[in-house]
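Student: sequence isn't available, so here's the structure alone:
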């Protein structure tokens with residue numbers, strides 16, 4: 001059976017299943033990053049078990065609310081890798097290391113499984129002290145969400161032996177989603193400090209037709225767009241964030257203070273971790289958000305800039321993979337070897353490509369009767385960092401970089417991401433969502449030989465496409481089931497899995513991923 005025929009059959013099944021469900025017009029898979037009014041109404045506390053079972057009341061006591069989600073399912077992928085207990089995104093998107101079809105447990109398909117506690121207490125008339133502490137958990141293993149560990153557990157293995165690796169901002173921290181506190185006023189807005197979602201992440205959750213669902217959304221699965229160029233920046237430590245709403249318009253700003261270690265540098269070809277000179281971290285970031293809600297239409301414009309953004313491509317080399325051309329063996333800050341005596345212990349380390357990123361995004365949505373229409377576009381510009389990182393620099397979760405590339409780009413890398421989609425609510429319990437995502441990368445190879453019969457490398461132009469379709473049925477306000485399918489493919493430079501040397505392509509440049517599952521929220 002061909003992929004196109006399989007896709008038609010599965011898509012028909014999704015539509016047929018939705019047609020027999022009484023529909024439910026959800027408010028969204030995840031909360032909007034800002035309210036329509038400056039000070040939203042407080043959560044209604046549950047009065048008893050029956051109230052908790054039958055309504056969407058909150059588990060609130062004296063202003064403190066406990067909340068959470070459990071989301072798990074089963075799926076099949078045409079090109080995947082063996083799963084592990086720390087990867088929280090599943091395998092729906094085309095996978096650089098996916099080499100065979102398989103059935104698997106599919107975690108966090110519509111929402112990230114996790115727990116949180118938040119509070120709001122009036123301290124002066126019209127002024128509130130607020131806090132939020134939340135973390136992601138892998139429903140299949142009970143471990144904290146940790147994409148950094150999905151790389152380190154594969155360090156030293158041959159590529160064909162990898163379990164599912166990835167890169168992201170959730171890196172095993174006790175509170176890997178958010179941990180912040182601040183003050184809020186209906187007149188003066190909300191000011192918070194701590195670990196917080198980037199402004200691009202807030203906008204993605206509001207304007208993605210799939211609500212950031214890992215199994216059905218490229219921009220939810222791959223934090224490239226939300227992080228302004230790199231997925232590790234979808235959540236940021238040591239930030240101050242401000243939001244205010246005035247009538248139909250709103251404004252947001254975020255600033256991240258530099259933190260962590262910048263690693264060390266040595267001009268010697270025989271450097272060691274104890275002989276190189278310490279570098280300072282310059283990983284500050286900032287952003288702005290302007291938007292408004294006008295009747296059934298809402299729109300936002302978001303600008304983000306991140307210094308020393310880190311992208312982890314693949315697990316590190318090791319004893320069983322040193323002869324394979326799957327990773328660079330030189331530190332590009334000084335082109336010295338990072339093998340032999342120069343090799344840091346790879347047990348808890350990663351290999352990072354470092355850039356300075358700037359991104360601007362425009363997104364909107366419109367509600368009409370039972371329909372909601374979505375669309376957005378982002379332009380991302382990446383350049384080599386003005387302040388390079390060194391060996392031993394820290395990434396998300398405190399993981400160390402045992403290899404660093406600070407001059408990976410021949411010229412500015414331009415990435416464009418665009419998306420569109422629609423939701424349709426049948427009546428009060430079920431809806432169906434169709435989404436399309438497209439990524440374009442420019443040719444930043446100098447001198448360019450792309451398209452002239454030369455071997456395609458990672459710096460050549462390329463594209464990624466994903467289309468998804470899923471239906472969601474709510475038995476109660478808290479419990480729902482879903483079924484859907486996603487198809488994705490890559491081409492050109494975006495189909496190169498490992499960018500070093502001649503470039504190593506994806507095992508397969510496409511993936512078909514039908515998924516079914518259930519979710520419970522409180």
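Tutor: Structure's in. What do you need? These numbers come from a predicted model, not from an experiment.
Student: quick check: which ranges of the stretch 201-350 of the chain have low pLDDT?
Tutor: In the predicted model of the stretch 201-350 of the chain, residues 317-327 satisfy pLDDT under 70.
Student: spatially central, which residue of this protein would that be?
Tutor: Among the residues of the chain, residue 223 comes closest to the average C-alpha position under Cα atoms, centre = their mean, at 3.1 Å.
Student: got phi/psi on the closest residue to that one other than its chain neighbours?
Tutor: Sequence neighbours aside, residue 231 is the residue nearest to residue 223 in space, at 3.1 Å (criterion: Cβ to Cβ, 6 or more residues apart in numbering). The way it works is simple: take the backbone N, C-alpha and C, and place the C-beta from them, glycine included. Backbone dihedrals for residue 231, given as degrees, to the nearest 10, come out at phi -70, psi -20.
Student: which residues touch residue 231?
Tutor: With contacts defined as Cβ atoms under 8 Å, 6 or more residues apart in numbering, the neighbours of residue 231 are 167-169, 222-224, 311.
Student: which ChimeraX command selects the buried ones in those?
Tutor: Taking 16 or more other Cβ atoms under 10 Å as the burial criterion, the selection of buried members of the contacts of residue 231 in ChimeraX is written as:
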select :167,168,169,222,223,224,311
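Student: just the ones of the contacts of residue 231 in strands?
Tutor: residue 311 (DSSP state E).
Student: now the contacts of residue 231 as JSON lines including distance to residue 411?
Tutor: Listed next are the contacts of residue 231 as JSON lines, based on distance: Cβ to Cβ, whole Å:
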{"residue": "167", "distance to residue 411": "24"}
{"residue": "168", "distance to residue 411": "27"}
{"residue": "169", "distance to residue 411": "28"}
{"residue": "222", "distance to residue 411": "23"}
{"residue": "223", "distance to residue 411": "24"}
{"residue": "224", "distance to residue 411": "19"}
{"residue": "311", "distance to residue 411": "17"}
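Student: tell me which entries of the contacts of residue 231 lie within helices.
Tutor: Among those, none falls in helices (DSSP state H).
Student: quick one: the strands in the stretch 301-450 of the chain?
Tutor: Shown for the stretch 301-450 of the chain, the strands assigned by DSSP state E, counting those that start in this stretch span residues 330-331, 336-337, 349-368, 371-383, 400-405, 413-425, 430-441.
Student: any chance of TSV for the ones you listed, columns distance to residue 201?
Tutor: Shown next, in TSV, are these (distance: least, Cβ to Cβ, whole Å):
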stretch	distance to residue 201
strand 330-331	31
strand 336-337	36
strand 349-368	11
strand 371-383	12
strand 400-405	23
strand 413-425	14
strand 430-441	16
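Student: packed most tightly, which of these would that be?
Tutor: Of all these, strand 400-405 carries the top mean neighbour count, a mean of 25, counting by mean count of other Cβ atoms under 10 Å.
Student: that strand to strand 349-368, inter-axis angle?
Tutor: With axes from the mean of the first three to the mean of the last three Cα atoms, to 10 degrees applied, the angle from strand 400-405 to strand 349-368 works out at 80 degrees.
Student: what are the contacting residues of strand 400-405?
Tutor: Strand 400-405 is contacted from outside by 263, 310, 316, 327-328, 331-333, 338, 343-346, 348-354, 388-395, using Cβ under 8 Å, 6+ apart.
Student: then stretch 119-131?
Tutor: 39, 42, 63-65, 118, 132, 180-187, 190, 192.
Student: need the nearest residue in space to residue 470, chain neighbours excluded.
Tutor: Here the nearest residue to residue 470 in space, its sequence neighbours aside, is residue 484; by Cβ to Cβ, 6+ apart that works out to 2.4 Å.
Student: show me what that neighbour is bridged to.
Tutor: With beta bridges defined as DSSP bridges, residue 484 has these partners: residue 470, residue 515.
Student: can you count the residues close to it?
Tutor: Each residue near residue 484 was counted by other Cβ atoms under 10 Å, and the total is 33.
Student: surely it meets residue 110?
Tutor: No - distance between residue 484 and residue 110: 9.1 Å, which falls outside the contact criterion (Cβ atoms under 8 Å).
Student: could you tell me which residues touch both of the two?
Tutor: Applying Cβ under 8 Å, 6+ apart, one finds that residue 484 and residue 110 are jointly contacted by 215-216.
Student: ok, back up a step: identify whichever of the strands of the stretch 301-450 of the chain lies nearest to residue 279.
Tutor: Among these, the nearest to residue 279 by Cβ to Cβ is strand 400-405 (9.9 Å).
Student: any idea how far residue 109 lies from residue 509?
Tutor: To residue 509, residue 109 is 23 Å away according to Cβ to Cβ, to the nearest Å.
Student: give me the more crowded residue out of these two.
Tutor: When residue 109 and residue 509 are compared for neighbours, residue 109 comes out ahead with 28 against 18, by other Cβ under 10 Å.
Student: dump the residue contacts of the more buried one.
Tutor: By Cβ under 8 Å, 6+ apart, the residues touching residue 109 are 71-73, 75, 90, 92, 213-216, 482, 515, 517, 519.
Student: avg pLDDT for stretch 118-131?
Tutor: Per-residue pLDDT values over stretch 118-131 give a mean of 96.
Student: okay, buried residues for that stretch please.
Tutor: Neighbour-count burial for stretch 118-131 [16+ other Cβ under 10 Å]: 118-120, 128, 130-131.
Student: what residues of stretch 389-401 count as buried?
Tutor: For stretch 389-401, burial by neighbour count (16+ other Cβ under 10 Å) applies to 389-397, 399-401.
Student: and what of stretch 484-492?
Tutor: Burial within stretch 484-492, assessed by neighbour count using 16+ other Cβ under 10 Å, is assigned to 484-490, 492.
Student: just the residues you listed: which are in strands?
Tutor: 484-490, 492.
Student: of those, the lowest pLDDT goes to which?
Tutor: Among those, residue 492 carries the weakest pLDDT, at 94.
Student: for that residue, what are its contacts?
Tutor: Contacts for residue 492 (Cβ under 8 Å, 6+ apart) come out as 441, 450, 456, 460-463.
Student: you'd agree residue 353 is up against residue 308?
Tutor: No - under the contact definition of Cβ under 8 Å, residue 353 does not touch residue 308, with a separation of 11.1 Å.
Student: residue 307 and residue 196, how far apart?
Tutor: If you go by Cβ to Cβ, the gap between residue 307 and residue 196 works out to 17 Å.
Student: of those two, who's got more company?
Tutor: Neighbours around residue 307 and residue 196, counted as other Cβ under 10 Å, are more numerous at residue 196. The numbers are 24 against 19.
Student: who's that one bridged to?
Tutor: According to DSSP bridges, the residues that bridge with residue 196 are residue 236.
Student: quick one, what contacts it?
Tutor: Listed by Cβ under 8 Å, 6+ apart, the contact partners of residue 196 are 178, 180, 235-236, 239, 241, 254.
Student: related to what we said a few turns ago, between the buried residues of stretch 484-492, which is nearest residue 50?
Tutor: Comparing these against residue 50 with Cβ to Cβ picks out residue 484 as the nearest, at 32.3 Å.
Student: tell me how far the closest one lies from residue 517.
Tutor: 9 Å.
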